[in-house]
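Engineer: just need the structure, nothing else, for what follows:
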Amino acid sequence: MTVSPPPPRPHPPSRPAHRTTPDKDQIALLEPFERLGMDRIALVATPKQADMACDALAAASAWGFDTESKPTFTQGEQSDGPHIVQLATLDAAWVFQLHDPGCRARVAELLALRGVTKAGFGLGDDTKRIQHKLGVQPADVLELNTVFRQRGYRKDMGVKGAVAVLFNKRFIKSKKAATSNWANARLTEAQLVYAANDAWAALRVFNALEGADIHRGAAPDIHR
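Structural biologist: This is a model prediction of the structure:
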């Protein structure tokens, strides 16, 4: 009697190789990543300014996205943020203050807009706060940390690590600006530059992952 060999076992699905996120000492050795200057950053505080920003943003299929909230320093203190929302195209960034009800309404419309990717880092808390404050669920949000985890990076990448990996550059973030009062009626230039570039760098990372030429060659399609 002829015994047939057992059927071949299916190969388990391949997993991406584990990749190491560069540490702060490695990043510190890199050349600085370019930044948007004030000539390409718009502060938006009124409905009229928000309408102009909406017109400028309308042509883009993806935006860099981030928010900032006034820091809390007391245990149990609840944040009433976000106090600003940042949206960026490759050409410019808009920093929306949320004091004015009309401005808040237009930001809510932008974030709820479908068909426009809103890419950023660490957006879990941001989206929860937006739902509470603006009453909308942001649509088509892309958490870039998730994309990097799918590519084998174990830890959250963050904008600094992503810029180092994709562009071999050092993204500069001011700790003083990060912990400043984002609820102030008048924001400083340092705050505007910090906020705008967080969103702009996120969009640069998104575009690189989409397949644009980068320092280490062409990146794969993130929607694959």
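Engineer: which strands or helices does whichever helix or strand residue 53 is part of pack on?
Structural biologist: Element membership of residue 53 [criterion: DSSP states H and E] is helix 47-57. In terms of contacts (3 or more Cβ pairs under 8 Å, 6 or more residues apart in numbering; DSSP states H and E), helix 47-57 is packed against strand 41-44, strand 93-97, helix 101-112. To be clear about C-beta, it is placed using only N, CA and C from the backbone, and glycine gets the same treatment.
Engineer: and the next element down the chain from the longest one?
Structural biologist: Remark: after helix 101-112, the chain's next helix or strand is strand 117-120, criterion DSSP H and E.
Engineer: list phi and psi for residue 69.
Structural biologist: Per-residue torsions, residue 69: phi -130, psi 150 (degrees, to the nearest 10).
Engineer: not counting its neighbours along the chain, what's nearest it?
Structural biologist: Closest residue to residue 69 apart from its sequence neighbours, by Cβ to Cβ, 6 or more residues apart in numbering: residue 81 at 2.4 Å.
Engineer: check the secondary structure at the one you found for me.
Structural biologist: Put simply, residue 81 is coil when judged by DSSP: H, G, I helix; E, B strand; the rest coil.
Engineer: residue contacts, it?
Structural biologist: Taking Cβ atoms under 8 Å, 6 or more residues apart in numbering, we find residue 81 in contact with 67-70, 129, 133, 182-183.
Engineer: among the helices and strands packed on helix 47-57, which comes closest to residue 157?
Structural biologist: strand 93-97 (20.8 Å; Cβ to Cβ).
Engineer: isn't residue 155 right up against residue 21?
Structural biologist: Yes: the pair residue 155 and residue 21 qualifies as a contact (Cβ atoms under 8 Å) at a distance of 5.0 Å.
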